[in-house]
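J.: mind folding the following:
(2 chains)
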Amino acid sequence: MTTESKNLIEIKNLTHDYGSVRALDNVSLEIRENEFFALLGPSGCGKTTLLRILAGFETPLEGSVTLAGVDLISLPANKRPINLMFQSYALFPHMNVGQNVAYGLEREKLPKAQIKERVEEVLKTVGLQDKVKARPSQLSGGQRQRVALARAIVKRPKLLLLDEPLSALDRKVRSEMQLELKRLQLEVGITFVVVTHDQEEAMSMADRIAVMVEGTVGQVDSPVDLYQRPSTAYVGDFIGESNFFDGVVVAEGIKHASLGILPGNRYGKDISGEAHLLIRPEDLRVAVSGEHSIPTLVQDVQFYGGASTLVLGIEGRSAPILMSQPGATTAQRGAMVNLTWDPLKAIVLPRDARRSAL
Amino acid sequence: MMPVNKTLRKIRPLKVILFGTFAFLYIPIFALMAMSFNGSHSPFILKGFSFRWYSVLMHDSRVIHGLINTLIVATGSTILSSVLGTLLAVGLHRYTKSSFLNAFALAPAIVPDIVLGIGLLALYALLSVSLGLYSVLLAHVVFSMAFVTAVVKARLAHTDKYLREASMDLGATRTSTFLRITVPSLAPAILAGALLAFTLSLDEFVIAFFTNGPTTPTLPIVIYSMVRFGVTPEINALATLLMLVSFTAVIIAQRMTRPTEDE
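T.: Below is the predicted model of the structure:
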């Protein structure tokens, strides 16, 4: 939980092109001190460009980036108090673990004794104190990542950038590393910015997430708010499982062409005309008789142990409706289920061209 | 190694062809080595075992002189071509995708020696440069640089392209990144290229023949002039020694380029 704190990074009106492709389009963003921040989006959304601009490997066409009030753009990469953990780790193959970690400190021309002390300390933090003399090629994927991490945090940067930190790891090491990163972030008190296309990675670790879409920032919020209160249909669709209904805004929700009034909430937003209604699978339930409901047909039942998902069909609609229930379900394929939901959990969102009409 | 042997045993005819090929390649060399220990005066009749031709060789001032000249040329051209070839490889790798430029960088390795030899001689004549060891040295740089470039470029294609950025990110300047990251991570390839350049220069005859001055013959030229008056067992001894040097260098070079450490 981050309490109210100052902004560390302020990004204003950042625009950047690659040739004729606009990679970033007028992006503005604040990253707070000591927070775990995630830039989330599909490939080509501009998140990597933003990361490279922050690290200093790319100079933006327009816009400004400041760190604690100081302009970053004019500083070369090697003068910035920012370190990057590369997706490929980029460990120096001709150096052992200790030399890799010491490299950054040697560039600062610190006394030898101090370098040794800090290298030992950081390797202990990541649990690799007995691998000082090992070559990167002798380490497992998880260990290499720890070295890359140690090499970056040993410099005590103001900001640590992590490029798809978990993507190269297998499932078990992944969840281990996920916990480790979170623990480390709290321990060393450095602001972390993770760039990822994997929403689980972002949702599980970050305090706040910026969802990026086609070179712009769609929404910046905590994982819970992003899931429960997406501001656009695109974000709602991108984060987690979702059911969408299209219609026209009315006082109680939206009016669907064939299903009639579907209750929902606008959450104070001024929306009119065509709109989407978003309902999460776990917010759908079976109606008791007499309640307003939609009749559906059970097409499939998927049991995951802790929860079940019902795949439901509605006449005249191709996309199935997903409903999740805790534990096992008694519903059978081919049965009729009357669906209903709490109108407060259904969100009316403005029509979004990026979501194809359902 | 094991699986290879197993498959070989299964396909006996292939094995025969393989050994036949190796025999074809190496019997002349073994014959030469055997003859170099020949006690007889004739290079073609075997008679007893002796080191006498090696001793004659050591005392032959023409040979010693030629060897010194060759070592000067080989060492100088190796150093120059290693530095220039590495820089060329790095530059091509970083700043161009043009297959045209790449082909031109490697062409001197493929162009017939006689063409290079005549071309260089014509150029030296045009610039009225008097010929000597340095003109051979420069001529050797022309082709051996292409070999170094080829070897280093192959290595560059397999190194993590983010190493440089990682170094800068950790606070290094461009210069220290080049010296501490780029060059060391290419070191095995540079060394392999250098050894290749050295062995190529060591026994290079055609280009040296065209670009050398009259008073500073390199070893291959000395050998050529000796052979003109008939092959002596002394030549066999010399060839054996040369072969040993080249062989060692090539084997070391191969070990260097073998991708063992990193992927």
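
J.: how near is the nearest residue to residue B:52 once chain neighbours are set aside to residue B:47?
T.: Among residues not flanking residue B:52 along the chain, residue B:39 sits closest, at 6.9 Å (C-beta to C-beta, 6 or more residues apart in numbering or on different chains). To be clear about C-beta, it is placed using only N, CA and C from the backbone, and glycine gets the same treatment. Taken as C-beta to C-beta, to the nearest Å, the spacing of residue B:39 relative to residue B:47 amounts to 5 Å.

J.: please apply the same query to residue B:18.
T.: From residue B:18 to residue B:47 the distance is 34 Å (C-beta to C-beta).

J.: show me what whichever strand or helix holds residue A:255 is packed against.
T.: For residue A:255, the host element (DSSP states H and E) is strand A:253-256. In this structure, strand A:253-256 packs against strand A:243-250, strand A:260-263, strand A:274-279, with contacts taken as 3 or more C-beta pairs under 8 Å, 6 or more residues apart in numbering or on different chains; DSSP states H and E.

J.: write out the residues of the stretch 51-200 of chain B neighbouring chain A.
T.: B:159-160, B:162-163, B:165-173, B:176, B:180-181, B:184-185, B:187 (C-beta under 8 Å from any C-beta of the partner chain).

J.: residues contacting the closest residue to residue A:280 other than its chain neighbours?
T.: Counting by C-beta to C-beta, 6+ apart, residue A:242 is the residue found nearest to residue A:280 once chain neighbours are left out, at 6.2 Å. Contact analysis of residue A:242 by C-beta atoms under 8 Å, 6 or more residues apart in numbering or on different chains lists A:236, A:278-281.

J.: tell me the pLDDT of residue A:242.
T.: On pLDDT, residue A:242 comes in at 91.

J.: tell me which helix or strand the nearest residue to residue B:155 once chain neighbours are set aside sits in.
T.: Distances taken as C-beta to C-beta, 6+ apart put residue B:189 closest to residue B:155, at 3.5 Å, once the chain neighbours are dropped. Element membership for residue B:189 (DSSP H and E) is helix B:183-202.

J.: next, the buried residues of that helix.
T.: Neighbour counts over helix B:183-202 (16 or more other C-beta atoms under 10 Å in any protein chain shown) mark B:185-186, B:188-202 as buried.

J.: contacts for stretch B:238-247 next, please.
T.: Contacts of stretch B:238-247 (C-beta under 8 Å, 6+ apart): B:29, B:32-33, B:36, B:54, B:57, B:63, B:199, B:202-203, B:219, B:223.

J.: what's the neighbour count on the nearest residue to residue A:59 once chain neighbours are set aside?
T.: In space, and not counting its chain neighbours, residue A:59 is closest to residue A:73: 6.6 Å by C-beta to C-beta, 6+ apart. By other C-beta atoms under 10 Å in any protein chain shown, the residues close to residue A:73 number 13.

J.: cool, the one 4 residues further on as well?
T.: Other residues within reach of residue A:77, judged by other C-beta under 10 Å, total 20.

J.: let me see the domain layout of chain B.
T.: Split into domains by automatic domain parsing, chain B comes to B:2-36, B:60-257.

J.: most tightly packed of those domains?
T.: Neighbour counts (mean count of other C-beta atoms under 10 Å in any protein chain shown) averaged over each of the domains of chain B peak at domain B:60-257, with a mean of 18.
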